[in-house]
Structure formats: C-alpha cells, structure tokens
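Visitor: curious how this folds, go ahead:
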Amino acid sequence: MVAKSLKERLAILSDAAKYDASCASSGTTKRDSARSGGLGSTEGSGICHAYAPDGRCISLLKILLTNFCIYDCAYCINRSSSNVARARFTPEEVVWLTLEFYRRNYIEGLFLSSGIIRSSDHTMEEMVRVARDLRTVHNFRGYIHLKTIPEASAGLIEEAGLYADRLSINIELPTDRGITDYAPQKRPEGIRRSMGALRLKIEEMAEPTVQTKRRRIFAPAGQSTQMIVGADGASDATILGTSARLYGSYQLKRVYYSAFSPIPDASRKLPLVKPPLIREHRLYQADWLYRFYGFDIGEITSARADGMLDLDIDPKLAWALANRSRFPVDVNKADKEMLLRVPGFGVKTVQSVLSARRHGRLRLEDLKRLNVSLKKVRPFIVAEGWTPMKLTERSDLRSLFAPPPEQLALL
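Guide: Modelled structure (predicted):
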C-alpha cells in the first residue's frame, strides 16, 4: 500500500467530517492571546463555517482523526464494510495542522471527531492528547470541540473536559429500535449513561470550591449531541419528542440534526428515499420554537396527522394557520407569550414591540421600521389603523405563503 501524503489525508478526513454537525464557539469562556499571551482566541469572527446564536461566523478546522472504524453502522459512510478511501492522522499531525491553519488566519478553532480504532479508550486517548498538547504545550487558546466516544472510560471523558470547550456524544438515531436495527454494536442505554455522567461532571465542576470559592473550567460551552434524520422511519414528532427529553434530561446546549443520505451498498438495509435538506431545516426551526418561543412539541407537530412538519412553510406559520381562532393579535395589547406566536415576529422583534408601545400605539409603519415582513404578519395582527378584516379567515391563506408549484425536469 502506497503511503498517502499529508495533503491527501487531509482531503479524505476533512471530507469525511462533513457528516458531523459542528457547532460554534458561543457560550464558552472568553480567552484572547492578545491580552493574556499564548496562541489563538475564542473571540472574533473569521475550513468549515459554523454560526453562533448571535450571528457570528466561526471558522473551524473540522476533521476526523481517522475514518477507519471497527463498527458497522448501516447509516455511516465510514462503517467497517464501506469501501471508501481510508486515512489516519497521528495526534501530532492534528496539532501541527491546527497551529499552521491558525497562523495563516484560516481558522479560529478545531472540531475533532473520529472513527473507532482498536477500542473506544484508545481512540479517546488520542483525541484527548490532541487537545492536551494544544493547550499545555502550545498554549492554544482558540475553540476546541471534541466528539467524544460514549464507551470511553470516565477518566478520559473527564480529562477531555479540562481541555475542550465543548464535548458532544452522538445519540445517533431518535429511537432505541432504530439504533438496535442499524447500529447493533452500539447500546442506547450506554450512550444515555455517558451523557448523564457528562452532565453531572459539568454541574459538579461549575460549583465553587470550598477553599478558593472559584469555579473550575470544565467544558465551558457544555455538551451537545447529533441525531441522524431519515435513516429510520421516525416521524418529525418522534424526533422532536426525543430532542425535548434530551434537553430536559442532560441540559444540552444543542441537538444537531443531520439529514441522512443513502449509501448505495447499504440500500438493502436502509430506506432508499433521500429526505430533502429542507426537512433538516424545518426540524431546526421547530427546535427553536420549543427552546425559545414557548411552544410544546405537541403543538408544533399537531398540524398533520402523520406527525410530519410541513416542508413548504415554516412550523410557526403552519401552527398559526391551524389555529386561526387565536388570531388576529393586537400588537398594542397582547402579552409577550402571544406575540411570540405571531408569524414573522422573532424574539428580538417582540422585545422591540414591547418597548416601543410604551411610548405610543404602534402602526404597520412602525413594524416595518423594525424590519418586520408586513406581508407575513398582516393576516395575524391588529395595529393602529390596521385590521385584517376577513383576511385571517381566507380559505386560500396558506397559498399566499407557500412557494409556487414548479415544473419538474423531464431529463
């Protein structure tokens, strides 16, 4: 076998990492080498781009330590039976790449995942070595996210949290049955046990010590997880229900949804229908409604009997159309909870509306100055000088928002 060059291995392992959903460095502690010495920073904005909740663009070197794997998960392109090109980095090479990419101003941090080689502990030990060397040997102060291995020892996970800003443990699929069917070598209860142990460790380290009263730094950006969407037959209601339980049980910072793309030689095991990326997008929107807008999962997914989200319109608009008796909402009188349910109103818009109406009654022109889409909100609100009359009750109201039909290509 001809040894692959570093450039060739980088091409293989960065491409293989595209199946891992990455997160930005929001939520971690602020570290800046310009002020405190060292190398790197978790601040500022920018070969992978992730976005923080405040809109900042964070550039990360996103790679796998290796795409060799002893597991044979049917939905994974890097499973042991796959015929993809294989490559592997040493921990020293990942450290070198991270530093060199940073010095060239390509990146602000590292997102590191890996296939399982030899054993879970062996793989986790090499990933921890990357983070430890970056922090302790090279004083790297940029963002580090490690995809941890559920079956790895508690000691290795704990050490990882001392050097990484965020740790994540993949839940894999939304149901235990799905994991049993398509990833029989993995144990759902083991994954949840690891997530629970990580939550307890984060909470423990967040408590001030008795002697110094200072909190110890341990995975300051918390933990997240990733869920494959479309590999099994789970409905959107099931997927979002699982996410809600994960948020509540493990205090996750984020659940990432990854649309499944069928792999040809796994078609005998998995559905052949490729779910559109728009489904992934709608799940993120629904997830946002649950976390920040006060919606219950049952409300979000009740518009359709099959528990699936409408792909043509966003989940909040779908809910509003299915609950027209709750509208129109008076923007000058309604409480915050109801304003958050108005299609076209975001969290910042609602805060601005609540603030502005203290000084006078709001008109459509005032909402326009707040960058509100008047086309979207008109049927659902009452404002000074505006009432939708029968617009809210129109039978064809949905068609005003849904995309127009497209002619399918014949060739």
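Visitor: could you pull out the helices for the stretch 201-350 of the chain?
Guide: 236-250, 277-292, 297-300, 315-322, 336-339, 347-356 (DSSP state H, counting those that start in this stretch).
Visitor: tell me how the chain divides into domains.
Guide: 6-221, 323-396 (automatic domain parsing).
Visitor: and those domains, which is most packed in?
Guide: Of all these, domain 6-221 has the most neighbours on average by mean count of other Cβ atoms under 10 Å, namely a mean of 18. C-beta: built from backbone N, CA, C; applies to glycine.
Visitor: end-to-end on that domain?
Guide: End-to-end span of domain 6-221 (Cα to Cα, to the nearest Å): 31 Å.
Visitor: begin at 102 from now on, thanks
Guide: Done: numbering now begins at 102, and the last item shifts to domain 107-322.
Visitor: point out the most buried one among the helices of the stretch 302-451 of the chain.
Guide: helix 416-423 (a mean of 22).
Visitor: what's the angle from that one to helix 378-393?
Guide: Angle between the axes of helix 416-423 and helix 378-393 is 80 degrees (criterion: axes from the mean of the first three to the mean of the last three Cα atoms, to 10 degrees).
Visitor: go ahead and confirm residue 395 touches residue 439.
Guide: No. Using Cβ atoms under 8 Å, residue 395 is not in contact with residue 439; the gap is 9.6 Å.
Visitor: flag the shaky bits of the stretch 202-351 of the chain, pLDDT-wise.
Guide: Within the stretch 202-351 of the chain, the stretches with pLDDT under 70 are 311-314.
Visitor: ok, 80 please
Guide: Low-confidence segments of the stretch 202-351 of the chain, defined by pLDDT under 80: 310-317.
Visitor: strands of that one, residue ranges please.
Guide: 210-214, 244-248, 267-269, 324-330 (DSSP state E, counting those that start in this stretch).
Visitor: neighbouring contacts of the shortest one?
Guide: By Cβ atoms under 8 Å, 6 or more residues apart in numbering, the list of residues contacting strand 267-269 from outside reads 124, 126, 128-129, 245-249, 258, 261-262, 299, 320, 322-327, 354.
Visitor: ok, the longest one next?
Guide: Judged by Cβ under 8 Å, 6+ apart, the contacts made with strand 324-330 from elsewhere in the structure are 121-122, 124, 176, 267-275, 296, 299-300, 303, 340, 343-344, 347, 351-361, 376, 380-381, 384.
Visitor: do stretch 297-307 as well
Guide: Here stretch 297-307 has contacts from 249, 255, 258-259, 262, 268, 270, 316-320, 323-324, 350-352, using Cβ under 8 Å, 6+ apart.
Visitor: again, but for stretch 433-452
Guide: In contact with stretch 433-452 (Cβ under 8 Å, 6+ apart) are residues 393-396, 415, 417-418, 420-421, 427-428, 430, 432, 454-455, 458, 462-463, 471-474, 477-478, 481-485.
Visitor: go on, stretch 182-195?
Guide: 105, 107, 109-110, 113-114, 117, 164, 166-169, 173, 177-179, 198, 211, 213, 218, 227-228, 230-231, 234, 364, 366.
Visitor: distance between the ends of stretch 176-192?
Guide: 27 Å.
Visitor: residue 236 versus residue 229, what's the distance?
Guide: 11 Å (Cβ to Cβ, to the nearest Å).
Visitor: anything in contact with each of the two?
Guide: Counting by Cβ under 8 Å, 6+ apart, the residues touching both residue 229 and residue 236 are residue 264.
Visitor: low-scoring stretches of the stretch 352-501 of the chain, by residue?
Guide: 362-377.
Visitor: run a quick neighbour tally on the residue lying closest to residue 423 once chain neighbours are set aside.
Guide: Leaving aside its sequence neighbours, residue 423 sits nearest to residue 404 (Cβ to Cβ, 6 or more residues apart in numbering; 4.5 Å). Residue 404: 19 surrounding residues under other Cβ atoms under 10 Å.
Visitor: next one: the one 5 residues further on
Guide: Neighbourhood size, residue 409 [other Cβ under 10 Å]: 15.
Visitor: repeat for the one 4 residues further on
Guide: Under the neighbour criterion other Cβ under 10 Å, residue 413 is assigned a count of 14.
Visitor: excluding sequence neighbours, find me the nearest residue to it.
Guide: In space, residue 413 is closest to residue 503, 4.5 Å off (Cβ to Cβ, 6+ apart).
Visitor: and that neighbour, which of the three is it?
Guide: coil (DSSP: H, G, I helix; E, B strand; the rest coil).
Visitor: measure it to residue 349 for me?
Guide: From residue 503 to residue 349 the distance is 33 Å (Cβ to Cβ).
Visitor: might one say that residue 171 is in contact with residue 221?
Guide: No. Contact between residue 171 and residue 221 fails when scored by Cβ under 8 Å: they sit 9.3 Å apart.
Visitor: spit out the contact partners of the residue positioned nearest the centre of the chain.
Guide: In the chain, the centroid-proximal residue (Cα atoms, centre = their mean) is residue 357; its distance is 3.1 Å. Residues near residue 357 by Cβ under 8 Å, 6+ apart: 122, 124, 325-328.
Visitor: widest-spaced pair of those?
Guide: 124 and 328 (13.7 Å; Cβ to Cβ).
Visitor: helix, strand, or coil at residue 161?
Guide: Applying three-state DSSP: residue 161 is strand.
Visitor: give me the beta-bridge partners of it?
Guide: On the basis of DSSP bridges, residue 161 is bridged to residue 149, residue 210.
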